Structures are given as structure tokens and as C-alpha cells.
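>>> Sequence below, structure please.
(chains A and B, ligands or ions: 2)
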2 protein chains.
Amino acid sequence: MSAEKCINTLRILSAEIVQKANSGHPGMPIGMSPVAFVLWTKVMNYSPSNAKWPARDRFVLSNGHGCALLYSLLHLTGFKLSLSDLQSFRQLGSLTPGHPEAHMTDGVEVSTGPLGQGLSNAVGMAIAERHLAVTFNRPGYDIVDNYTYVFCGDGCLQEGITSEASSLAGHLKLGKLIVIYDDNSITIDGKTSLAFTENVAQRYAAYGWQTITVVDGNSDLQGIEAAIALAKRTTNQPTIISLKTVIGFGAENEGTHDIHGTPLGDKGVAFLKKKFGFNPQQHFYIAPDVAAVFQKKKSEGEDKERKWMAKFAEYAVKFPTEAAEFKRRMEGKLPSDWKSKLPNYAGAKPDATRNISGTILNAIADNVPDLMGGSADLTPSNKTQLKNTKDFQAATPEGRYIRFGVREHAMCAIGNGLSAYGGIIPFTATFLNFIEYAFGAVRISALSHHQQIFVMTHDSISMGEDGPTHQPIEAIPLCRATPNMTLFRPCDGTETVGSYICAMENKKGPSVICCSRQNLPQLPGTSVDGVVKGGYVLNEAKDFNLVLVATGSEVELAVNVAKILQGSGLKARVVSMPCVENFDKQSQSYKRQVLPLGVLVVSLEAAATQGWERFSHFQIGMRSFGASAPCDIVLAHFGFSPEKASSKILSFVKESNELFGNTGIA
Amino acid sequence: MSAEKCINTLRILSAEIVQKANSGHPGMPIGMSPVAFVLWTKVMNYSPSNAKWPARDRFVLSNGHGCALLYSLLHLTGFKLSLSDLQSFRQLGSLTPGHPEAHMTDGVEVSTGPLGQGLSNAVGMAIAERHLAVTFNRPGYDIVDNYTYVFCGDGCLQEGITSEASSLAGHLKLGKLIVIYDDNSITIDGKTSLAFTENVAQRYAAYGWQTITVVDGNSDLQGIEAAIALAKRTTNQPTIISLKTVIGFGAENEGTHDIHGTPLGDKGVAFLKKKFGFNPQQHFYIAPDVAAVFQKKKSEGEDKERKWMAKFAEYAVKFPTEAAEFKRRMEGKLPSDWKSKLPNYAGAKPDATRNISGTILNAIADNVPDLMGGSADLTPSNKTQLKNTKDFQAATPEGRYIRFGVREHAMCAIGNGLSAYGGIIPFTATFLNFIEYAFGAVRISALSHHQQIFVMTHDSISMGEDGPTHQPIEAIPLCRATPNMTLFRPCDGTETVGSYICAMENKKGPSVICCSRQNLPQLPGTSVDGVVKGGYVLNEAKDFNLVLVATGSEVELAVNVAKILQGSGLKARVVSMPCVENFDKQSQSYKRQVLPLGVLVVSLEAAATQGWERFSHFQIGMRSFGASAPCDIVLAHFGFSPEKASSKILSFVKESNELFGNTGIA
Ligand SMILES: [Ca+2]
Ligand SMILES: [Ca+2]
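Numbering: from 1, shown residues only, chains lettered A, B, ... in the order given. Ligands and ions are numbered 1, 2, ... in the order given. Predicted coordinates:
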């Protein structure tokens, strides 16, 4: 049985998968089959029977468009992916979507395709491995000990997110991260000479990586194996292996951009089969000897897993606490006492919710060692410093505070990787406005059901002097429009506690916690339960004829507006709505109870008003960018003072009465 | 008069500006005053009397938080910025906002602060210079001939956008781009050793840049001048000068992160003054001899401008066409015949609006040499190839098609730079979903009033097989929530023409043109005027009792749904709303005419529904991520088939009648 036959089977199978769908990307799979074969049959530890075996090596297909190759590998090695699944590539509801989706397909570690995400996820996974290894391993018991392998192409390496993540990976000396770069000099537009002529190896050397070149990635299997072996031996630097390949190697139009994203056509597939000595009449054919080579991986994997389990059983005897803790964390369960240190803010002094957030983060971190994260160089502003742990650094991998540097996009993608690895609950922080720098990764958190807590401070124009370049306007509607994201905008300490409780307990998606820069009062009547319900009556008014619904810093404003409006005969109920998504999930009757039909509703939020029309008849919000000025001045300028807001509401009520006088409203 | 006294004046003035506001960033201005002095008094060409003199050197403060320094320079050299403006730093309505805003302040080239934007803008400005120089210069007449200087710090260099832009700048050999890196080893979190230990010079060498180090940036003025001179002489590579400085040099807490973003305090300012031999009792003091050094720049600039004008007058005699064209372009006027080649789609065959967009782009580009741009490596998919011009490359700077590579964020920031330079109308393209990779730059387009045309194809789940990682859901609401952005989602060729007409004529902000991957029919009744109005009645129904409002590919759906609903006695008017923003600008009476009160309105758009509650009572849209499957299947799966949509609408109408039977609706 020759390796070449196995490799050519991978090439042809991938081409057929794409051809059957008449859609997809054959070039990369055909070109990368040799290294995939070496990695998946000779190097990586994994157990197809149990894709979630904790000790497996992680494999990330950062150039996710080449997923026909990954699906071929998963099928051949015996993961839960049938031939019929391969033949349903890119069809509705199949396990083989057009780009890999981790929550869909057994054996897919992370969702990739948007370029650069995978490599950045992998940095997170390598951080997780290093941290969990130093946390759980004991002499003779390397319970956590795996490599993270990444395939990437020219596209990934051009993306800024990759530069950010790679620079940080070099800084952190993540020696068990191994990136294999499909250096084929082709992108969609054509040759890389069109736009990408930098010296990639030199750049990675500048980041502190080991760089290796394999000149003939099409057939030098020994060279490939040696390169990976060297990469594995080097434990104080991540490694990038530049693998010179021909895209679509062996196909009629090999080496051109035409083969990147276009099926070969029946003739092209037949050409490829003939080229490699296969029978063009046979479709999705896997020769028995080829099948055997890959199938062996299943029993090998089961064997490895059994040995690891036996070792873990010994470990559990000698280190029962650690073993129980490891299990708990890998199962994604919270410690039973996790809430015990949460502070109580009833009657406390006014404070900025960013400060409160910092206190809560630390209170949780004390009980929940799973909590790990940091800020994109805004620690003193985001107030995210964890006090009872060190920085996670090369020399102190036991630390749980990550210094991400000014790298928002990589930070959030690394968060996804930490979450994907297991055993870690990541939090990441910047100014709310700059979640937009990271949104490529943020939306994948939501799509892939990653738990990640985005601590987003300076959450409106009230951040003041830094001005409109830093003041979020559209960021809040953006998060609310994104499926499976939950955004919290707490109005005080109690609601911030509630927000963290929800975020910690939501294991199936990311949470955004918006925090104020400025002090806010602790409002009587706020509650954790109110946050869980998403929206609730904070201040009731007898025979109310108006509802004010507000979030975050504007809840205090609503309370003050309600007082002013009393003078004009308007009796305003105040609803706090820290979480629109949670409110949406309540019963229709609860929602109608909070926001009754037939009563005018006004929303107050210092952000773009988009979305509030769903709940309110009139919106007090932002319809322009902000301005640079001290907090109170900027708020008043845009109408967020009790006087200005009341006066606007009065005009609106008057206008409504004129228009709908006969409706009985207000 | 010593240079040191001038430099120390800059340091102290900047510190005082921040101190007066009691807010801002003194560290960078104090540290970078020496190189600022050299650059602004000995190197740069500019004319404070006319900040828009076309031949000026461009200066970009990429580390925009250090703007006290820029404001000091603008004031001292005689731009329209008074001492009182400096004293109003970070106050409402002042010309000195917390971060520089180009549309606010004379002499500020681009809005900076969000890190990495400025350097990327500068790459665009250097591209513009190179292209316009080769376009307009004639032997003996270098009408266009300027350098672009950038200040940046560690933060900018950590951002991915900067990596993208720098790699492209190296590829393009932008020899007149000179970046001065404030290499002070400090960021907000502390020392750069916490997170940023890469070898920056080696990385830039890998990009193909010249790298120069100045070891003593605090006082070696000759070294600084020599480095800049060398950078200027090297015309086939951009240059980065690593200037080793001490942040807040001379202040009590110099060299620490505390001085980055915190005012020095009165004592700290006094300390700084004493340190440099200034009188601590004098505030905002500018010694006459210091003032004279800077004021000289005004007359020098006027002199330079006069000489250039004289040269230009000669040029206008010899090359009247070129001169007139140069004037037209720099004034931002369109050629009078710019629309003459626009195609007419009435009665044409069905086609994808991405194809139509490509045809229109070319039709415009033939008449409008100002149009310049490209795609982030998706040219064959975005259909943006300009056929009658070359690629803009180092060897062919006359080309107008830019190969951006897979660098969405830098692409859009470069677009801002092209726009800021003048004479160019930039277009940039990717899949709509990936506008989120670039949104950091996109929002600054809007904030800074840059004309930029974002050609965003594959604009919904109908892109099909690539799946949810590539299918936009929240991108459309995001753009609509962003102030001063105009999003178009045309339903056919005629509306695509209308969208481009609006986008070309809107000189005060960016436009997003959303294009379909799939074929769409040319619908009878669509009109350019309808796009200008934003929304209009496409298909009228006599005695209509329902309005269907739709955008883009869902307009055809609405037309088909209306036909089906006829069978159930529902008479549906169909409204096409290609541009919500334009519709919003119409008179209340026009809006009521299109969407009358008292008639049920249903919106249809294959995107997150957020925002449509404003216009409609029921929304057919996306409430989850998409799925990987062929276009028609994915559309039907999510309810966007005539049958499914009709049936949903019927249920809704029934429910409404039950709830509001007495309202007389439907
Ligand atoms: Ca490639
Ligand atoms: Ca710095």
C-alpha cells in the first residue's frame, strides 16, 4: 500500500465531493492532500470514536474553503461522517456545509472560512493547552499534552487578524502551535505577485516563530514529516512550515486561480483520476487497501484513548481534587459555589458599572478558575485586571490574565479558541465602539455557540471627551441584530451582577456586557431576576398613562424624567430593559404586562434607535455621531438630560393626541 | 533661538492643553515634540493660509490620541486654530476634539484615534499621490509631488489593519510614504514587554520597507533630520523610522504608562516647565522668538504655494486639458458627461446585480477617471474588474484597478485615504458579510464625510452554498444604524444604475451598494427616480388593503406574493425601497403617500428584521443565521418563497383581524 495511493484518493475524493455539489473549492484539497495524509496518519493523536477526547491534538482548517479535504479525512478515519454525508456536500441540513461549522460536524474543532479566524482560534487553543497543562499536569501525569495544527493559505496570511494573533503567539512562545502554510502563490484574483509579495518567513521570524520551508510539498513526504518533527521538537517557539505546493496538483488547470473555487467538471475529475491511475468510471471509490490505512486510525485512536483513560484513572486516585476539577471544567459545568462571592449592591454608593464589572469579574474568578481573559491594552480603563492571578505569559502559564495587546480582532478569535478547547470561560474587553474592529470574530462566537463574555466599557457618548471616533452609536443595535448574541446593558450594580450570572450560565453563545465609564446610582428596585427576564417594571406609577423603557445609564434618566412629567399630569411607569434578547424570550403575557397595549411607550437609550420601534412609539436616542466634550455636557447636548428628554416626550405626547385623539391614548 | 526651546514649547503647550481640559494624552506629544519640530519646521511643505493647497505634504497623526501636539503645531504655524481653540480642547463644538476629526479642523488630513486607521489612510494618500503624479505630471511640471508622513505608536503597529496596509504599501513600493514610529516601549497596559516583543524593523523589512533606527529620539535632531532625508531619497520603498523616545520625556513620571493618558496635574506641568527652564507661572506662554520660528512657516508656505501656482499657470497654458481636469478633480466635481455611458436595463434579460454593478462601474470609469478602486481578492466574484485600465502597481501607477489582497480592513481605510487626498472617487469591494471585517474603517468613512463606494456583493443568504459563515444577516441593519451611511439594495438593473448615480453624487459620505449573487429579473416600473426617493410604489393595486415593502432580491418575491394573495382577496400594493436613508429624507406627505396610515404593511428582506418595525407591522426576514445549500433551497427554507411568504402573511392578516377587528384594517 503506497502513501501516494492514499494521497491521490484524498485528492480525488475531495474533487468528487465538490463536483457532486457542483460548488466548492477543489484546488486547496488537491494541493494539500500530501501533508494532510502525513499529519492525519503519521503524526496526530485523535480518536475518531470520540471526537471530544480531551487529549486529542487539535486540527484547525483556517483555509476553511478547503473543507472537502477535512470531510474526506473525517470520513476515511471513521468519524461520524458517512459517504452519503460527503455526497450531500453543501446541501441543506447536511453535516458537510460549505465551510466547516464546529457545532454541526463531529471532528470539526472550530468554524472557519472567514479568513484568518482559524489560525487565531488556534492561538487560543494553544494558550488553553499550555495553561491547562501547567494547571493539571503532575509529575508522571501529563493529562493535558497536545499539539495544535493549523492549515492556512495565502488569504489567511494577508488578513490583519492573523498578524495580530501570530505576533501574540510569538510573544507567548506557544511552542506546541504548528502552522502549515499552503504556499502555492495563488489567490482568487490570480498570482500572489498581484498583491502579496512580502517575505512571509521573515515576518514570522520577526514575530519570534521558527520558520521551516518544504520545497516540494507535492511529493516530498519525508521532508514534510521531518519538518513537522522539527516543529514538534521546538517547544519554545511556534512554528510555521511554508509548504510549497501546486494548487490543484495533477488537475488539468493545476497552478492557476481557476481551480481555487470552481468544480473541475466531470471531464476534469476524469482527467485527475487518469492522471493518478484511477478508474474514471468509478465514483467516490475508496480502494480497500487505502480504506484500511485510514481505518487503522480508529482502533489506534481508541487504544490511545484507553491508555489515556487508564492514566487518568491513576491520576484520579493520586490527585482526586485535580481530577474532579478537570472533569468538571471539561464538561463545562460551573462550580456549585460559583456565585458565593458575588457582591450585593443594594444601597451602595454610586459607581461606574465598569468598576462594578471589575469587582464582579474578580469575585467570580476567585471561585471559578475557568475564567480567563483580558483586555486589548485597555486594562486600566476596562477594569478587567484579575487580582488573584498572574499574567498568562511564557514564563507564567499558570496566570489567567491575558495581555492581548492592541489586537481586538485576534483577541475575540482567541477567545473563541479558548472556548473551543474546553475547560475555559473566556472574557475579552475593549471599548464598546471597538467591538467593531473584532466583529468578524464576534459573529463567529455567536454562529458557533461559543461562550465568551465580551466586557465592553465606555458604552455610549457618555464616555465623553474622547469624542465621536470612540463613542459607540451603532454597536448596540449591531449586537442585537446578530443571532444568538445576548447583549446586557445594566443600569447599576445589581443589574451588572445579573448580567454576569446570565453570561456565565449561557454556555451556548456569547454575551456582551456594556458598562458605563461614568458613575451611576444604585437604583431601588433593580433585581437579578429582572435581568434574567430581560425587562421589568422598575418604578410603577398608579394609573400610568405612559411607559418609559430604558437601558443602562438611561434608566436613571428615565426615573428622573418620570418625576418631571408628573408635573404635566403624565404618570409614567419606568421599565428597565437590561437585556432585550432575554425579554424577547418571555411569554407574550409577561411582555404585555410590562409593556401594555394601548399605552404610549417611549424608549431612552444613548445609541442608534434602530430596533426600539418594536417596543416603543417614540425613541429618544442618537441619530448622528457623538461629540467630544465632558460627559454631562455631551449627554445634555444630545437630549439626554431630564429636562430635554421630558420636553421632547411632552411634544410627542401632544402630537400623538392630536393625531390619534380618538384612540384614548394619554 | 534654539531648536530646544521650540521643542520644549511644543511639549509644554501640549501638556497645558491637556491640563486645561483635565482630559487627554500628554505622553506622546511630549515625547514626539522633537521629531514634530524637525518635520514641521525643516522638512514638510505646507501652507497654513491654505490647508487644502493640493501640493502640500500630507501629515497623518495615526496615534491620534496625541492630538494636543498636532493642535499645537497647527496653532503655532498659523493654521486657523487660535490659542482659545487650544484652550477649548475636548469641549463641545470646539475645533479641538479629543481625537482629530478631519471635517472639523483645518489642517487635519484624516480623522484618527481608532488605532491603525491613520497609517492605513496614509497608504491610500500615497497611492493617490503616485497615481495622480503619473497622470498629471509632464516633463518640467511636477504638479503632483508630495510626501506622506505618518506618526504612529506601538498601538498602531499591533493592529491588524496596519499589518495589512503596510504589507500592501511594501508591495506597491510607495517610496514617498514615510512612517515615524514612536518607539517608546510603553502602551496603556504598561511596558510593551507585556504583549509586544516582535522585531518591528524585521517585520517591515519583510514587507519590503526601508527601516531606519534613530537611537535618541529625545534630542538627536541631526539624527532625526538625517533619517528623514534618507527616507526621502529612497523612492522605491516606503520607510519606517523607529524613533526611540521616552514617553512624556522630562515629566515627573516620564517613561511610564501613567503619563500616556492622564493629565500631568498642575504640579506636573509646573515640574515640566521648571525642568526645561520655563516659568511655571506663565500659562500657554509662547516666547516671541519661538513664535517667530513657527510663524515663518506661514510666509514660507504662501511663497511655496505662489510658486506652485505660477508653475501651474504655465502648465495650464501648455496642457490646458490636463490642468482643467486636475482642477475639476481636486474640486470634487464630476465630468459633465459622466452619466452618458450608463446602460439602460428596461426590458433586459435577468441578471445578477453584481454583474450589472460591474457593467455600470465600467461605464462610469470610462467617463470618470477619478474612479479608482478594487476588491479584497474577490474580483471574479465581486465583478469589479475595470476593463479599460491596468492594475495600479509599482510599475504601472497609471492603472486604476487596485489589487488589495485579502485585506478588507486596510482596503476600506485606504479608500478613506484616497478620498481624503482628493481627485479620486474610491470604490472597494468584498462580500457584504465581510464589511464587518472592515467596519472600523467604514464607520470613519461616515464620520469623516468621505465619499467611498462600498460594492458589497453576495448580499444575503441567497449567496447559497458558501453557508452561514459567509451569509450576511446583521450587516444591512448595521449599515443603516450608522449615521451618514447610505445603503442601497437595488432590485434590478435600473435600480442599480440609480444606486450608482446617488453614490457618485454623494460627496459627503460613503455609500454601500448591495448586490445579488443570483440572477434577478428586470422589473417593469423600477426607476432611477425611485432610488433617489428611496422608496416608491412599484406595483399599484386598486383599493389595496395591504402594502408589501421589499428591497433587492425580495422585490421580485413581493411581486409574486402579491399575485398569490389576490386569490385570498388581499389587494397588495408593492413598494420597492432600495434606500431607506433616502426615503427617510422625503417629506412626511410623500412617505405617507407610499406607506399610508391605516393599511397593514409587511416588509420582506432576507436580513435581520431589526429596523423594519419602523415601516411595517409584520416582518419577513431572518431571525437566525443562514444555511449552506443552493440559493433557491436556502431561500425557501427560510420562508422566502412566494408560497411560504404568502402563507405567513395570510396568518398575520388573520391574527391582526382577530386582534384589531375594529380597526377596519384588511
Ligand atoms: Ca493560495
Ligand atoms: Ca507606545
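>>> Residues in contact with the helix or strand hosting residue A:227: which ones?
Using DSSP states H and E, residue A:227 sits within helix A:221-233. Outside helix A:221-233, the residues that touch it by CB atoms under 8 Å, 6 or more residues apart in numbering or on different chains are A:3, A:34-35, A:37-39, A:42-43, A:147, A:176, A:178, A:180, A:210, A:212, A:214-217, A:239, A:241, A:243. In this view, the C-beta of every residue, glycine as well, is placed from N, C-alpha and C.
>>> Could you report the pLDDT at the closest residue to ligand 2 within the stretch 201-350 of chain A?
Residue nearest to ligand 2 within the stretch 201-350 of chain A: residue A:206 (18.1 Å; CB to the ion). At residue A:206, the pLDDT value in this model is 98.
>>> contacting residues around it?
Residue A:206 sits in contact with B:198, B:199, B:200, B:201, B:202, B:203, B:205, B:206, where contact means CB under 8 Å, 6+ apart.
>>> Take these and keep only those in helices.
B:200, B:201, B:202, B:203, B:205, B:206 (DSSP state H).
>>> Roughly how far does the second one sit from chain A?
Using CB to the nearest CB, to the nearest Å, one obtains 8 Å as the distance from residue B:201 to chain A.
>>> Now do stretch A:541-551: everything it contacts.
A:489, A:491, A:535, A:557-558, A:561-562, A:565, A:570-578, A:580, A:595-596, A:599-605, A:615-616, A:649, A:653, A:665-666.
>>> Figure out the helix or strand that the closest residue to residue A:485 other than its chain neighbours lives in.
Once flanking residues are discounted, residue A:485 sits nearest to residue A:446: 4.6 Å by CB to CB, 6 or more residues apart in numbering or on different chains. Assigned by DSSP H and E, residue A:446 belongs to helix A:439-447.
>>> Please apply the same query to residue A:619.
Residue A:619 belongs to strand A:618-622 when assigned by DSSP H and E.
>>> and for the helix holding residue A:446, what are the contacting residues?
Against helix A:439-447 from outside (CB under 8 Å, 6+ apart): A:101, A:111, A:114, A:116-117, A:120, A:161, A:409-413, A:415-416, A:419, A:435, A:450, A:452, A:454, A:478-479, A:482-485, A:509-510, B:434, B:436-437, B:439, B:468-469, B:474, B:625.
>>> as a whole number, average confidence for the helix or strand just after that helix?
Where DSSP H and E defines the elements, the next helix or strand beyond helix A:439-447 is strand A:453-457. Here strand A:453-457 scores 98 as its mean pLDDT.
>>> In terms of secondary structure, what does strand A:453-457 contact?
Helices and strands touching strand A:453-457, by 3 or more CB pairs under 8 Å, 6 or more residues apart in numbering or on different chains; DSSP states H and E, are helix A:353-367, helix A:379-382, strand A:425-431, helix A:493-505, strand A:511-514.
>>> out of those, which comes closest to ligand 1?
strand A:425-431 (29.9 Å).
>>> Give me the sheet partners of the closest one and which way each runs.
The partner list of strand A:425-431 in its sheet, established with DSSP bridges, is strand A:371-375 (parallel), strand A:453-457 (parallel).
>>> still on that earlier bit, show the pLDDT at the residue nearest to residue A:485.
98.
>>> do residue A:664 as well
At residue A:664, the pLDDT value in this model is 40.
>>> Point me to the residue of the stretch 151-300 of chain A nearest ligand 2.
Closest point on the stretch 151-300 of chain A to ligand 2, by CB to the ion, is residue A:167, at 15.1 Å.
>>> and the gap between that residue and residue A:512?
According to CB to CB, to the nearest Å, residue A:167 and residue A:512 sit 26 Å apart.
>>> follow-up on the earlier one: pLDDT of the strand holding residue A:619, averaged?
98.
>>> Which secondary structure elements does it sit against?
Strand A:618-622 packs on strand A:600-608, helix A:642-660, going by 3+ CB pairs under 8 Å, 6+ apart.
>>> repeat that with 10 Å
In terms of contact count using 3 or more CB pairs under 10 Å, 6 or more residues apart in numbering or on different chains; DSSP states H and E, strand A:618-622 is assigned the packing partners helix A:475-481, strand A:546-550, helix A:553-566, strand A:600-608, helix A:642-660.
>>> Please identify the buried residues of the helix or strand bottoming out on mean pLDDT in chain A?
Least confident helix or strand of chain A, by mean pLDDT, DSSP states H and E, is helix A:642-660 with a mean of 91. Residues of helix A:642-660 classed as buried by neighbour count (16 or more other CB atoms under 10 Å in any protein chain shown): A:642, A:644, A:645, A:646, A:647, A:648, A:649, A:652, A:653, A:656.
>>> Distance check, the closest residue to the second one other than its chain neighbours against residue A:516.
The shortest distance from residue A:644 to any residue other than its chain neighbours is 6.4 Å, reached at residue A:636 (CB to CB, 6+ apart). When CB to CB is the yardstick, residue A:636 and residue A:516 sit 16 Å from each other.
>>> Then residue A:167?
From residue A:167 to residue A:516 the distance is 32 Å (CB to CB).
>>> cool, and residue A:49?
50 Å.
>>> neighbour-wise, which of these two wins?
Neighbour count, other CB atoms under 10 Å in any protein chain shown: between residue A:49 and residue A:516, residue A:516 has more, with 28 against 14.
>>> quick one: the more buried one is in a strand?
No: Residue A:516 is assigned coil when assessed by DSSP: H, G, I helix; E, B strand; the rest coil, not a strand.
>>> Is it correct that it is in contact with residue A:461?
No: using CB atoms under 10 Å, residue A:516 is not in contact with residue A:461; the gap is 11.2 Å.
>>> what do these two both touch?
Counting by CB atoms under 10 Å, 6 or more residues apart in numbering or on different chains, the contacts common to residue A:516 and residue A:461 are A:553, A:606, A:631.
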